[in-house]
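S.K.: Fold the following and give me the result.
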Amino acid sequence: MSGYAEVFRRGRGRHRRRRRIPLKTVAVLSALVTCSAFAVTRMEDDPLDCAPRRGADGRPARLPVECRGAGAALRAGAPAGKAPGRAGGEGGDGVPHDGDGGRPGRASAPPEAEGGYDRERCGNTSGRLLLSLDDWAYSDPERSVRIGAQLQAQGVRAAFFLIGKFAAQYPNITATLRQQGHWVGNHSFTHKQLTALDDQELHDEIRSGVNGNLLRPPYGDAGERERDVAADLGYRICNWTIDTHDWEKGDGPGGLRSAEAVRASVRDASQEEKRNGVILGHLFSNFPAALNDIIADLHAQGYQLCRNTGPVTENVPHPLPC
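M.R.: Have a look, this model is predicted:
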């Protein structure tokens, strides 16, 4: 303060001429006062708000730069329950080989209808059941088309939700499955949990996946933001009503649940889950080995499956023509 006092002090005598303060000194002092006020104001500001927000058009708004990364890390740490990462861990490609059941990060909820579209049933109102197979057959990519041929011979149409990273390496698989009469949907590009991504990562993960209009989010985990981004890119979310838990550890081949245990998951499911239902299985599990018995059990219980009526395009009609 001694410097300030010396600058501002006045002459002692009544008639003593006051000193003019140099303009340079005034500028320095003004800057100091301004910076001090800014610092106080900044410390009293509310914490940075990184909560998801929407613009005037209702679409997800881009978060401030300071929020990116930190916000994603907070979201990634939030989920409870089964964390991403299969019993068997990750493959050498770094992509998790876990299943999509368990839905980390959200509590169990009843099927959600969205403007007449039931995402748990993928818009199925036929009374029949839709078989669906997710992910990728990592050690045997051609397993997908063999399963497709088997179901085609039985007159059954299924939906395959493939990880885009691998589907891009084997484009003939997607084309062959559609030629066999099966729908092929988007299961993201690298099987990341969509709710743990920032807006740009979410957009890229969906956009880079398999072309079409059905999206199965990894782990079935998608909230309003994910649904809106998917819709902007032309996709409807398609989950399931019956989870076979075929990705869990068990005493079957590969250390996973046996074909018999998987079969029982479908056989013992409720009537509500079966009517207009969607069955979740995986290409890397023992679900394919259980398919014949699953189909036989459903027929014995009076249920039918979606009919295979020939080749399909990349877009799936709504409601499902089962």
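
S.K.: State the distance from residue 306 to residue 136.
M.R.: Counting by CB to CB, to the nearest Å, the gap from residue 306 to residue 136 is 22 Å. Placement of C-beta: from N, CA and C, glycine included.

S.K.: Which one of the two is surrounded by more residues?
M.R.: Regarding residue 306 and residue 136, a neighbour count based on other CB atoms under 10 Å identifies residue 136 as having more, with 30 against 25.

S.K.: measure the more buried one to residue 204 for me?
M.R.: Between residue 136 and residue 204 the distance is 19 Å, computed by CB to CB.

S.K.: cool, residue 223 as well?
M.R.: With distances defined as CB to CB, the gap from residue 223 to residue 204 amounts to 18 Å.

S.K.: What of residue 119?
M.R.: Using CB to CB, one obtains 22 Å as the distance from residue 119 to residue 204.

S.K.: Between those two, which is the more surrounded one?
M.R.: residue 119 (22 against 14).

S.K.: didn't that one look like it was pressed against residue 235?
M.R.: No - applying CB atoms under 8 Å, one finds residue 119 not in contact with residue 235, separated by 11.0 Å.

S.K.: which residues in the chain form helices?
M.R.: 2-8, 23-44, 70-77, 143-153, 164-167, 171-179, 199-207, 224-232, 259-267, 271-274, 287-300 (DSSP state H).

S.K.: mean pLDDT for those: which is lowest?
M.R.: Ranked by mean pLDDT, the helices of the chain bottom out at helix 70-77, which scores a mean of 33.

S.K.: Per-residue pLDDT of residue 313, please?
M.R.: Residue-level confidence at residue 313 comes out at 97, pLDDT.

S.K.: who's in contact with the closest residue to it other than its chain neighbours?
M.R.: Computed as CB to CB, 6 or more residues apart in numbering, the closest residue to residue 313 that is not its neighbour in sequence is residue 178, at 7.1 Å. By CB atoms under 8 Å, 6 or more residues apart in numbering, residue 178 lies in contact with 184, 311, 312, 313, 314.

S.K.: could I get those as a markdown table with distance to residue 261 and neighbour count?
M.R.: Listed next are the contacts of residue 178 as a markdown table, based on distance: CB to CB, whole Å; neighbours: other CB atoms under 10 Å:
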| residue | distance to residue 261 | neighbour count |
| --- | --- | --- |
| 184 | 27 | 26 |
| 311 | 34 | 12 |
| 312 | 31 | 20 |
| 313 | 36 | 10 |
| 314 | 34 | 16 |
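
S.K.: So which of those residues sit within strands?
M.R.: Cross-referencing those with the strands (criterion: DSSP state E) gives residue 184 as the overlap.

S.K.: Of the contacts of residue 178, which is the nearest to residue 132?
M.R.: residue 184 (10.7 Å; CB to CB).

S.K.: Next, the contact list for the closest one, please.
M.R.: By CB under 8 Å, 6+ apart, the residues touching residue 184 are 159, 160, 161, 162, 167, 174, 177, 178, 210, 212, 314.

S.K.: let's see 6 Å
M.R.: If you count contacts by CB atoms under 6 Å, 6 or more residues apart in numbering, residue 184 has them with 160, 174, 177, 178.

S.K.: and those residues as a markdown table, adding distance to residue 284?
M.R.: As requested, these are exported to a markdown table (distance: CB to CB, whole Å):
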| residue | distance to residue 284 |
| --- | --- |
| 160 | 13 |
| 174 | 17 |
| 177 | 16 |
| 178 | 21 |
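
S.K.: Can you tell me which of these is nearest residue 243?
M.R.: Looking at the contacts of residue 184 and their distance to residue 243, the nearest is residue 160, at 17.0 Å (CB to CB).

S.K.: From residue 235, how far out is that closest one?
M.R.: Distance of residue 160 to residue 235, computed by CB to CB: 15 Å.

S.K.: higher neighbour count, the two?
M.R.: More neighbours sit around residue 160 than around the other of residue 160 and residue 235, counting by other CB under 10 Å; the figures are 28 against 22.

S.K.: Could you give the bridge partners of that one?
M.R.: On the basis of DSSP bridges, residue 160 takes part in beta bridges with residue 133, residue 184.

S.K.: okay but it is in contact with residue 133, surely?
M.R.: Yes - with the criterion set as CB atoms under 6 Å, residue 160 and residue 133 qualify as a contacting pair; they are 5.3 Å apart.

S.K.: if I read this right, residue 121 contacts residue 274, doesn't it?
M.R.: No - taking CB under 6 Å as the contact criterion, residue 121 and residue 274 are not neighbours in contact, 10.8 Å apart.

S.K.: Counting neighbours, go ahead and name the busier of those two.
M.R.: For residue 121 versus residue 274, the count of surrounding residues by other CB under 10 Å is larger for residue 121: 24 against 21.

S.K.: Quick one: residues contacting the spatially closest residue to that one that is not a sequence neighbour.
M.R.: On the basis of CB to CB, 6+ apart, the spatially nearest residue to residue 121 that is not a chain neighbour turns out to be residue 276, at 4.9 Å. Counting by CB under 6 Å, 6+ apart, residue 276 makes contact with 121, 124, 125.
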